[in-house]
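Chemist: The following block contains a protein sequence and its predicted model.
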Amino acid sequence: MKILREHPSKQKKPVSFWFLLPAAVAVILLLILPHWSWGAEWIFAQGVFRLVSVPLGWLTSLLPFSLTEACLVAGILLVLFLVIKGIVCLIRHEKKQKGKEKRWLVRIAWMVSCLFLGYFLLHGYNFYRLPVSELMGLSDAPHTVAYLQQVTIDLARRASEERGQLEENEEGCLELSKPISQVLSRAGEGYSHLQETYPFLWGVVNRGKPVMLSHWWSYTGITGMYFPYFAEANVNIDVPHSSIPATAAHELAHTRGFAREDECNFLAYLACSYSPYAEDRYSGYLSAYILCSNALYEADQEAWNEAYAFCSEAVRRDLQERNRYWKAFQGGVQEVSTAVNNGFLQAQGQEEGVLSYDLAVELILRWYADQALLP
């Protein structure tokens, strides 16, 4: 008796799950690296990350505009187009679409899986590298509130001294003397000086990218964002000028393989203080003053008042400008954005979440002590 065999084209192919392989590799490493900082440092941060991210960052930094922003806008338009197209296909009941859906789903799954692995190779694993304090050999002696006050006063003095020679707008607040694009293009010069002593700060991305939709971005409360897939440091340029150089330096720290926000805040202050430009130095000192001042206020309000007295009138105007600016953007969008950012940081092993930004104070105090910066 003859057996009729189904035509090969009609036989069902077994479901392939190879698209899970990149994501599986990422998850396995994610389980290992938090407990193996040596591997995260030398294999990924100073190995894989540099091999992939450095040439990528060099290419994207040749463009003066934010490639991240351009792709975001294009992506939104593409999603809208696909949604509309999908609705039209459903209305028409196109039979040709049957069978294509599975292939499209598999392709999307491959893309998501590869992007997941790519994120960790280009940024995520850097959360588990050796702490910057260990790489720089900073001492870990505890510091008193009195010492915090002395450092805060010194930062107020340095900021006031730098501020005295800078330009102002009609409201008496800092106004950058050069176009913002030029200020962002020189943002990495402080790192160029630092890497002579600390080679692990080497990098090729020295330009911050201006975000054209910055005003709307401010509703999220974000001043800057590092996009690992382009190794691109994006900067909100709608904010008061006093914060722009420090924000750019912060995002450039990410391009050099540092993912922890507290460490990037510290490195931003350090890079700005080594900059040959007074505006950048002022922005760095001011950002460090704000961090230390907030910590001092929580510890001792009387000590905070004494430290605040060392801020010049010009510095106080800049601080007030910042408060006015961000007060105008307070609302539900900013609260949601903060909650999302908090959840993301906690998922990366930063248990303090957004509060980890304040840990930069400890690094500043340790740097002051080791460098004997207090008069």
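Modeler: That came in fine, so what should we check first? If you're wondering where the values come from, they're calculated on a predicted model, not measured in any experiment.
Chemist: After the helix-or-strand element of the chain with minimal mean pLDDT, heading C-terminal, what element do we hit next?
Modeler: Here the helix or strand of the chain ranked lowest by mean pLDDT, DSSP states H and E is helix 332-347, holding a mean of 51. For helix 332-347, the following helix or strand on the C-terminal side (DSSP states H and E) is helix 360-371.
Chemist: May I see the buried residues of that following helix?
Modeler: 360-369 (16 or more other Cβ atoms under 10 Å). C-betas here are computed from N, CA, C, even on glycine.
Chemist: Among these, which one sits closest to Y274?
Modeler: Nearest to Y274 among the buried residues of helix 360-371, counting by Cβ to Cβ, is W367 at 12.0 Å.
Chemist: quick one: the closest one and L148, what's the gap?
Modeler: 13 Å (Cβ to Cβ, to the nearest Å).
Chemist: for L213, same thing?
Modeler: Distance, L213 to L148, by Cβ to Cβ: 38 Å.
Chemist: More neighbours: which of those two?
Modeler: L148 (24 against 13; other Cβ atoms under 10 Å).
Chemist: is it true that the more buried one lies in a helix?
Modeler: Yes. The assignment for L148 by DSSP: H, G, I helix; E, B strand; the rest coil puts it in a helix.
Chemist: hang on, F310 packs against S160?
Modeler: Yes. Using Cβ atoms under 8 Å, F310 is in contact with S160, at 7.0 Å.
Chemist: neighbour count winner among these two?
Modeler: Neighbour count, other Cβ under 10 Å: between F310 and S160, S160 has more, with 20 against 17.
Chemist: picking that back up, just put the buried residues of helix 360-371 in TSV and tack on distance to Y325 and pLDDT.
Modeler: Listed next are the buried residues of helix 360-371 as TSV, based on distance: Cβ to Cβ, whole Å; pLDDT from 0 to 100:
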residue	distance to Y325	pLDDT
A360	21	93
V361	23	94
E362	28	92
L363	27	95
I364	24	96
L365	28	94
R366	31	93
W367	29	96
Y368	29	96
A369	34	93
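Chemist: Nearest to I244 among those?
Modeler: Nearest to I244 out of these is A360 (Cβ to Cβ; 18.2 Å).
Chemist: now the closest one: how far from V54?
Modeler: Taken as Cβ to Cβ, the span from A360 to V54 is 25 Å.
Chemist: for S287, same thing?
Modeler: Note on S287: its distance to V54, by Cβ to Cβ, is 26 Å.
Chemist: Ok, N323 next?
Modeler: For N323, the distance to V54 - Cβ to Cβ - is 38 Å.
Chemist: Comparing those two, which shows the higher neighbour count?
Modeler: Using other Cβ under 10 Å as the criterion, N323 and V54 rank with V54 on top: 18 against 10.
Chemist: quick one: contacts for that one?
Modeler: 203-204, 231 (Cβ atoms under 8 Å, 6 or more residues apart in numbering).
Chemist: next one: N236
Modeler: 211, 214, 217-218, 222-224, 247.
Chemist: Among the residues you listed, which lie within strands?
Modeler: 211, 224 (DSSP state E).
Chemist: where does this structure dip in pLDDT?
Modeler: The model of the chain has pLDDT under 70 over residues 1-16, 86, 89-101, 331-357.
Chemist: and if we set it to 80?
Modeler: 1-17, 79, 82-83, 85-106, 141-142, 331-358, 375 (pLDDT under 80).
Chemist: Remind me what the lengthiest helix in it packs against, helices and strands.
Modeler: Ranked by residue count under DSSP state H, the longest helix found in the chain is helix 67-92. Counting contacts by 3 or more Cβ pairs under 8 Å, 6 or more residues apart in numbering; DSSP states H and E, helix 67-92 is packed against strand 209-211, strand 232-236.
Chemist: Now with 10 Å, please.
Modeler: helix 49-60, strand 209-211, strand 224-227, strand 232-236 (3 or more Cβ pairs under 10 Å, 6 or more residues apart in numbering; DSSP states H and E).
Chemist: What residues sit buried inside whichever helix or strand comes after it?
Modeler: Counting by DSSP H and E, the next helix or strand C-terminal to helix 67-92 is helix 100-122. Buried residues in helix 100-122, counted by 16+ other Cβ under 10 Å: 110, 113, 116-118, 120-122.
Chemist: ok now helix 100-122, how far from the chain's centre?
Modeler: 24 Å (Cα atoms, centre = their mean, to the nearest Å).
Chemist: switch to numbering from 44
Modeler: Let's use 44 as the start, then, which means that last one is helix 143-165.
Chemist: Please identify the buried residues of the helix or strand just after that helix?
Modeler: Once helix 143-165 ends, the next helix or strand along the chain (criterion: DSSP H and E) is helix 175-179. Residues of helix 175-179 classed as buried under the neighbour-count rule (16+ other Cβ under 10 Å) are 175-176, 178-179.
Chemist: Stretch 88-98 now?
Modeler: 88-89, 92-93, 96-97.
Chemist: G167 - how many residues pack around it?
Modeler: With other Cβ under 10 Å as criterion, G167 counts 22.
Chemist: and if you look at the one 5 residues further on?
Modeler: When neighbours are counted by other Cβ under 10 Å, R172 registers 27.
Chemist: Could you report the distance from it to W245?
Modeler: In terms of Cβ to Cβ, R172 sits 15 Å off from W245.
Chemist: can you check A274 too?
Modeler: 14 Å.
Chemist: These two - which one has more neighbours?
Modeler: A274 (26 against 16).
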